[in-house]
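In: Sequence plus the predicted model coming up.
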Number of protein chains: 2
Amino acid sequence: MSDIKPIALDAMGGDHAPHEIIGGAVHAVRERGLSVVLVGPPRVLYESLADHGATKEIPIVRAEEALAMDEGALASLRRPRSSIAIACHLVRQGNASAVVSAGSTAGIVATGRLRLKGQQGVLRPAIAVALPTRPNPALLLDAGANAEVKPEMLLQFAHLGAAYAETAYGIGKPRVALLTIGSEAEKGNKLVRRAHELLLASPSLHFVGNVEGYDLLTGAADVIVTDGFTGNVALKTIEGSVRYAFGELRHAIGDSRMAKLGAILQRSTLRELNRRLDAEAYGGAVLLGLNGTVVIAHGSSKAAGVSAACQLAADLARGGIVTRVGERVATTHRTHRLW
Amino acid sequence: MSDIKPIALDAMGGDHAPHEIIGGAVHAVRERGLSVVLVGPPRVLYESLADHGATKEIPIVRAEEALAMDEGALASLRRPRSSIAIACHLVRQGNASAVVSAGSTAGIVATGRLRLKGQQGVLRPAIAVALPTRPNPALLLDAGANAEVKPEMLLQFAHLGAAYAETAYGIGKPRVALLTIGSEAEKGNKLVRRAHELLLASPSLHFVGNVEGYDLLTGAADVIVTDGFTGNVALKTIEGSVRYAFGELRHAIGDSRMAKLGAILQRSTLRELNRRLDAEAYGGAVLLGLNGTVVIAHGSSKAAGVSAACQLAADLARGGIVTRVGERVATTHRTHRLW
């Protein structure tokens, strides 16, 4: 049915684990035709699968431990048999094509780096998040894996993002932009000025120049590159701002004499809009640059979000994202020698 | 009428200069009872004031040159007689209490630093922007004056912002927060971890800890401290995200069968809401830490925005912001010696 190995799904990561994770697995298998392996405590998972009548459709791989949502990077060292560690191990052994987890981002990143290791030539793995622009999402990276970076890493992030855009959205020449505080080349800090030079000098990238915070949601670029500190602040600022704008709107509607009309509108259109802006619909963030694809679903993911994350993982694996990243990153080393 | 010297208003800065600037001056004088001096080419200004019948109410100080909106920091060196330079000069001489300009931010910052000089003990002036939270605006700084900073500067930005919140909003103990990428003290990069320590150790600040991008618009703090790169990206991301959210809303309303109800709602509430979110209503950004207050009105300001900026400048001058900043910054040096 599928031309790739199954997706290794961490059954114990996320606010609604394992119940909604298992629901997501069942949905991914039945509605999307994907192949999924659940990783976690067999007894619990078997019983839950039995409730869905799905014990024959979805295999279980044993992992009795799990990383808690509030455990950070260090816990991944202490728990070599956690569900996320075992999921990574399946990919490493060639028994799964990608990992999906709704666990804590810090735990997933640390475990992924430890168990899957960075791809040859990749300076640092990075988190790519799909922003809800049209017609295709814009990929922002790094969204938080690396709080301190060097210009050469920003160049590589551009290649990681370009490989993602090619693979997931079929974009031939993804437009790459650099996030900074002015559109001119000399604006920003030392880091972005040097990164700008490296991006300009890279023939295998379609670099369209600097963008500012205004431009994150306008569709001005397919890939927007930044350090993990700025990227994480920007991502959370988007979420906070959109929530704020709708809160203010509800407030304004509630205050007006049109409260009733407003309530109707709210039900019919705001709900739909909220859904569109919901990170779940996009399948989550992707940790790129490791020897295997890791999709980080939102911690609050329910079944639909988990299923979408499995789809994204399968699409990236089927498109050979790891190979594409490897090819692209090799060109950054050639570029380096010229400098 | 006023207990302070007049506001020196740069008549030549801004997209709608001088017409809307002069309209703003007339509004500030007649409707707000402020005292204003216009700085620019006398002939042009006199004729425009005559149209308002206001030649007797508003004095003019000659400046034949002006910085163009697209001129950067270097132009301020080349034009010592520009309208913004002369406005700063009036404050320096004690003939005006504060400067208001809707010119280019880079030009205003460079001219202010050159002509007014930094206050004693201030490492770097910073730009504070008022975010539209309730009940009081939250002050974000630095919003773009310093793309590279040191932890000690972030500590001082906290004091600059606290002085602003005390002076403009009468907040007794402004809550100060540090913008980073996790609420725990150890999160973030080296810069914010060290700044966190300095803020914690400062007895004259009410430091409430780390905040993330989500929290910028929730009113979780009165003053939010960050470097000028992150602050500028965050500020522009807010603007872009709010615009995006309303754009999506209009799209959703237009798509639905409730288009007509939506259009009514749009007129009555969205317009009001847009106004509330409009930077103009808050009087603009403030450049803090110089020997004189400089209010940077939005480049697209019309008369109402210019008038509000004059009000903010007058409030800050009347409240003795420069003295308050001086007192607060002196404590940062005492703190330093202890370390």
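Out: Yep, it's here. The shown structure was predicted, so the numbers you read here are calculated from the model rather than taken from an experiment. Residues are numbered from 1 along each chain as shown, chains lettered A, B, ... in the order given.
In: okay, CA-based contacts and neighbour counts for the rest of this
Out: Will do.
In: residue ranges of the strands in the stretch 151-300 of chain A, please?
Out: With DSSP state E, counting those that start in this stretch, the ranges of strands along the stretch 151-300 of chain A come out as A:175-179, A:206-211, A:223-225, A:285-288, A:293-296.
In: pLDDT at A:R267, what is it?
Out: A:R267 carries a pLDDT value of 59.
In: Residue numbers of the stretch 101-250 of chain A in contact with chain B?
Out: By C-alpha under 8 Å from any C-alpha of the partner chain, the residues of the stretch 101-250 of chain A that approach chain B are A:144, A:147-148, A:180-181, A:188-189, A:212-218, A:229-230, A:232-242, A:244-246, A:248-249.
In: Among these, which are located in helices?
Out: Per DSSP state H, helices hold the following members of those: A:229-230, A:232-242, A:244-246, A:248-249.
In: of those, buried ones?
Out: Buried subset of those (neighbour count, 16 or more other C-alpha atoms under 10 Å in any protein chain shown): A:229-230, A:232-242, A:244-246, A:248-249.
In: any idea how chain A splits into domains?
Out: Here chain A is described, according to automatic domain parsing, as comprising the domains A:1-122+A:289-320, A:128-279.
In: Now those domains in CSV, please, with extra columns for distance to B:G161.
Out: Formatted as CSV, the entries for the domains of chain A read as follows, by distance: least, C-alpha to C-alpha, whole Å:
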stretch, distance to B:G161
domain A:1-122+A:289-320, 32
domain A:128-279, 20
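In: mean pLDDT lowest for which of those domains?
Out: domain A:128-279 (a mean of 87).
In: And the pLDDT at A:R337?
Out: 45.
In: Excluding chain neighbours, what is closest to A:G94?
Out: For A:G94, ignoring the flanking residues on the chain, the nearest one in space by C-alpha to C-alpha, 6 or more residues apart in numbering or on different chains is A:K5 at 7.9 Å.
In: What is the neighbour count of the one you found?
Out: In terms of burial, A:K5 registers 19 neighbours under the definition other C-alpha atoms under 10 Å in any protein chain shown.
In: Also A:G305?
Out: Other residues near A:G305 come to 25 when the count uses other C-alpha under 10 Å.
In: how close does the closest residue in space to A:E186 that isn't next to it in sequence sit to chain B?
Out: Closest residue to A:E186 in three dimensions, ignoring its sequence neighbours and counting by C-alpha to C-alpha, 6+ apart: A:R193, at 6.2 Å. As judged by C-alpha to the nearest C-alpha, to the nearest Å, A:R193 and chain B stand 11 Å apart.
In: what's the answer for A:G40, then?
Out: If you go by C-alpha to the nearest C-alpha, the gap between A:G40 and chain B works out to 28 Å.
In: Then A:T293?
Out: For A:T293, the distance to chain B under the criterion C-alpha to the nearest C-alpha works out to 24 Å.
In: Kindly state the beta-bridge partners for that residue.
Out: Beta-bridge pairing of A:T293 under DSSP bridges involves A:A98.
In: Contact partners for it?
Out: Counting by C-alpha atoms under 8 Å, 6 or more residues apart in numbering or on different chains, A:T293 touches A:S97, A:A98, A:V99, A:V286, A:L287, A:A313, A:L316, A:A317, A:I321, A:V322.
In: Can you give me every residue that contacts the second one?
Out: Translated: A:A98. A:A98 sits in contact with A:P6, A:I7, A:A8, A:C88, A:V91, A:G292, A:T293, A:V294, A:V295, A:A313, A:A314, A:A317, where contact means C-alpha under 8 Å, 6+ apart.
In: cutoff 7 Å now
Out: By C-alpha atoms under 7 Å, 6 or more residues apart in numbering or on different chains, the residues touching A:A98 are A:I7, A:A8, A:V91, A:G292, A:T293, A:V294, A:A313, A:A317.
In: same thing with the third one?
Out: Applying C-alpha under 7 Å, 6+ apart to A:V99 gives the contacts A:I7, A:A8, A:L9, A:A87, A:C88, A:T293, A:V294, A:V295.
In: so A:L288 touches A:L123, yeah?
Out: No - judged on C-alpha atoms under 7 Å, A:L288 makes no contact with A:L123 at a distance of 11.3 Å.
In: Next, format the strands of the stretch 151-300 of chain A as JSON lines and append distance to A:G24.
Out: Conversion of the strands of the stretch 151-300 of chain A to JSON lines gives the following (distance: least, C-alpha to C-alpha, whole Å):
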{"stretch": "strand A:175-179", "distance to A:G24": "33"}
{"stretch": "strand A:206-211", "distance to A:G24": "37"}
{"stretch": "strand A:223-225", "distance to A:G24": "29"}
{"stretch": "strand A:285-288", "distance to A:G24": "17"}
{"stretch": "strand A:293-296", "distance to A:G24": "14"}
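In: tell me the most buried of these?
Out: Neighbour counts (mean count of other C-alpha atoms under 10 Å in any protein chain shown) averaged over each of these peak at strand A:223-225, with a mean of 32.
In: How about the backbone phi and psi for A:L38?
Out: When read as degrees, to the nearest 10, the backbone of A:L38 gives phi -90, psi 130.
In: distance of it from chain B?
Out: Distance, A:L38 to chain B, by C-alpha to the nearest C-alpha: 30 Å.
In: ok, now which ones touch that residue?
Out: For A:L38, the contacting residues are A:A8, A:L9, A:D10, A:A11, A:P59, A:I60, A:V61, taking C-alpha under 7 Å, 6+ apart as the criterion.
In: Confirm the last one sits in a strand?
Out: Yes - counting by DSSP: H, G, I helix; E, B strand; the rest coil, A:V61 falls inside a strand.
In: Return the distance of it relative to A:G40.
Out: Counting by C-alpha to C-alpha, to the nearest Å, the separation of A:V61 from A:G40 is 6 Å.
In: These two - which one has more neighbours?
Out: Neighbours around A:V61 and A:G40, counted as other C-alpha under 10 Å, are more numerous at A:G40. The numbers are 28 against 21.
In: Adding distance to chain B as columns, could you present the contacts of A:L38 in JSON lines?
Out: What follows is those, written out as JSON lines (distance: C-alpha to the nearest C-alpha, whole Å):
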{"residue": "A:A8", "distance to chain B": "28"}
{"residue": "A:L9", "distance to chain B": "26"}
{"residue": "A:D10", "distance to chain B": "24"}
{"residue": "A:A11", "distance to chain B": "25"}
{"residue": "A:P59", "distance to chain B": "36"}
{"residue": "A:I60", "distance to chain B": "34"}
{"residue": "A:V61", "distance to chain B": "33"}
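In: As TSV, these with distance to B:P203 would be great.
Out: Below are these laid out as TSV (distance: C-alpha to C-alpha, whole Å):
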residue	distance to B:P203
A:A8	51
A:L9	49
A:D10	46
A:A11	47
A:P59	59
A:I60	56
A:V61	54
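In: quick one: which of those residues is nearest A:G107?
Out: The shortest approach to A:G107 among the contacts of A:L38 belongs to A:D10, at 12.3 Å (C-alpha to C-alpha).
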